[in-house]
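*Asks:* fold the following, please.
(one chain, ligands or ions: 1)
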Amino acid sequence: MPRFAANLSMMFNEVPFLDRFEAAAKAGFAAVEFLFPYEYPADEIGKRLHGNGLTQALFNLPPGDWKAGERGFAARPDHFAALQQSLTTALPYAQATGVKRLHLMAGIADLNDPKAVAAFRKSVAHAAEFLAPHGLDVVIEPINPRNVPGYFLNDFLFARDLINELRIPNLKLQFDIYHCQIIHGDVTMRLREMMPIIGHIQIASIPSRNEPDGEELNYPFLFEELDRLGYDGFVGCEYNPRGNTTDGLAWFRPYAGAKS
Ligand SMILES: O=C(O)C(=O)CO
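*Replies:* Numbers count the residues shown, from 1 in each chain. The predicted model follows:
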């Protein structure tokens, strides 16, 4: 049975961020993820997480000025110092939560620009090397161009080839089924092919990005497929609830209470 992680950036927005840990635990989640914890002290995040008996599945490295449109530095030539600083900033949060993987965002850059590709390779390798002694994996995630226009990493095949080429043991793929369906389709065959390099999975209905309970994909089939493929990582619920978060959890009821 998949191990679901509530995404606290998108779910349980009925309450302030720090109270979403308790809300997720009460709803039956054993794990959580979120985009960024950096507005809050690391020890407070750790306290809320552990105080509610939760496991931290994932969070993102600092992306730069999110409100100004920055989406990470990894593929941006001349931003290597910012990337190095983002690793140092994230480390206390990783230690406070005990998370085992961090998402390195690529940034707004052109996948056809050789300088951006070179910057991305250098950043990915550096981040993995920096985080390995701390027992942390780095995950990279292709994101569809409708949600984030201009995002560098917009191709699962490019990400797959880079990971296979670099052969860095703690570098993995963050496979968001929502993005994969929008970019490429053929989700099941891509999951089967890429499973050996997948370090984290995320879900949402397509095209709405709401609860994974209908529309374009048959999620019950995909959840069984993840079991058939032996996936034992987390499945992050990175979706926007249609209304009240708890009211929209009918899809999750069969899985609530699964141990992390
Ligand atoms: O936009 C997304 O899908 C993300 O997961 C950002 O981290």
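*Asks:* can you classify I201 as helix, strand or coil?
*Replies:* strand (DSSP: H, G, I helix; E, B strand; the rest coil).
*Asks:* and the stretch 101-250 of the chain, which residues reach the ligand?
*Replies:* H103, E141, I143, D176, E238 (Cβ under 6 Å from any ligand atom). To be clear about C-beta, it is placed using only N, CA and C from the backbone, and glycine gets the same treatment.
*Asks:* distance check, the last one against F252.
*Replies:* When distances are taken as Cβ to Cβ, to the nearest Å, E238 and F252 turn out to be 14 Å apart.
*Asks:* what about these two, which has more around it?
*Replies:* Here E238 and F252 are compared on neighbour count by other Cβ atoms under 10 Å; more neighbours surround E238, at 25 against 19.
*Asks:* so the more buried one sits right up against I177, yeah?
*Replies:* No. Contact criterion Cβ atoms under 8 Å: E238 and I177 do not qualify, at 9.7 Å.
*Asks:* what residues do those two have in common as contacts?
*Replies:* Common contacts of E238 and I177, defined by Cβ atoms under 8 Å, 6 or more residues apart in numbering, comprise Q202, I203, A204.
*Asks:* for P37, which three-state class applies?
*Replies:* coil.
*Asks:* phi and psi next, for it.
*Replies:* phi -100, psi 0 (degrees, to the nearest 10).
*Asks:* quick one, what contacts it?
*Replies:* I45, F59, Y93, T97.
*Asks:* a strand runs through the second one, doesn't it?
*Replies:* Yes. Membership of F59 in a strand is supported by three-state DSSP.
*Asks:* coming back round to it: nearest to the ligand among the shared contacts of E238 and I177?
*Replies:* Q202 (6.1 Å; Cβ to the nearest ligand atom).
*Asks:* distance check, the closest one against A125.
*Replies:* Q202 is 24 Å from A125, by Cβ to Cβ.
*Asks:* same question, Y178
*Replies:* For Y178 relative to A125 (Cβ to Cβ), the value is 28 Å.
*Asks:* those two - which one has more neighbours?
*Replies:* The residue with more neighbours, out of Y178 and A125, is Y178; 24 against 15, by other Cβ under 10 Å.
*Asks:* how about the more buried one, nearest residue that isn't a chain neighbour?
*Replies:* A204 (4.1 Å; Cβ to Cβ, 6 or more residues apart in numbering).
*Asks:* then L91?
*Replies:* Per Cβ to Cβ, 6+ apart, closest to L91 is H134, 6.8 Å.
*Asks:* how many other residues sit next to that neighbour?
*Replies:* For H134, using other Cβ under 10 Å, the count is 14.
*Asks:* check contacts around it.
*Replies:* So H134 contacts L91, A94, Q95 (Cβ under 8 Å, 6+ apart).
*Asks:* separation between the second one and F130?
*Replies:* This means A94. 11 Å.
*Asks:* who has more neighbours, these two?
*Replies:* Per other Cβ under 10 Å, whichever of A94 and F130 has more neighbours is A94, with 22 against 17.
*Asks:* tell me the contacts of that one?
*Replies:* Taking Cβ under 8 Å, 6+ apart as the criterion, A94 is in contact with L102, L131, H134, L136.
*Asks:* can you tell me the helix or strand for P220?
*Replies:* helix 219-228 (DSSP states H and E).
*Asks:* please apply the same query to Q56.
*Replies:* strand 55-60.
*Asks:* can you show me the strands along this structure?
*Replies:* 3-7, 31-33, 55-60, 101-103, 137-140, 171-176, 198-203, 234-237 (DSSP state E).
*Asks:* list phi and psi for the residue nearest to Y178.
*Replies:* phi -170, psi 160.
*Asks:* cool, H79 as well?
*Replies:* According to degrees, to the nearest 10, H79 has phi -120, psi 20.
*Asks:* how much space separates it from E22?
*Replies:* 37 Å.
*Asks:* comparing the two, which residue is more hemmed in?
*Replies:* Set side by side, H79 and E22 show more neighbours around H79, with 20 against 15, by other Cβ under 10 Å.
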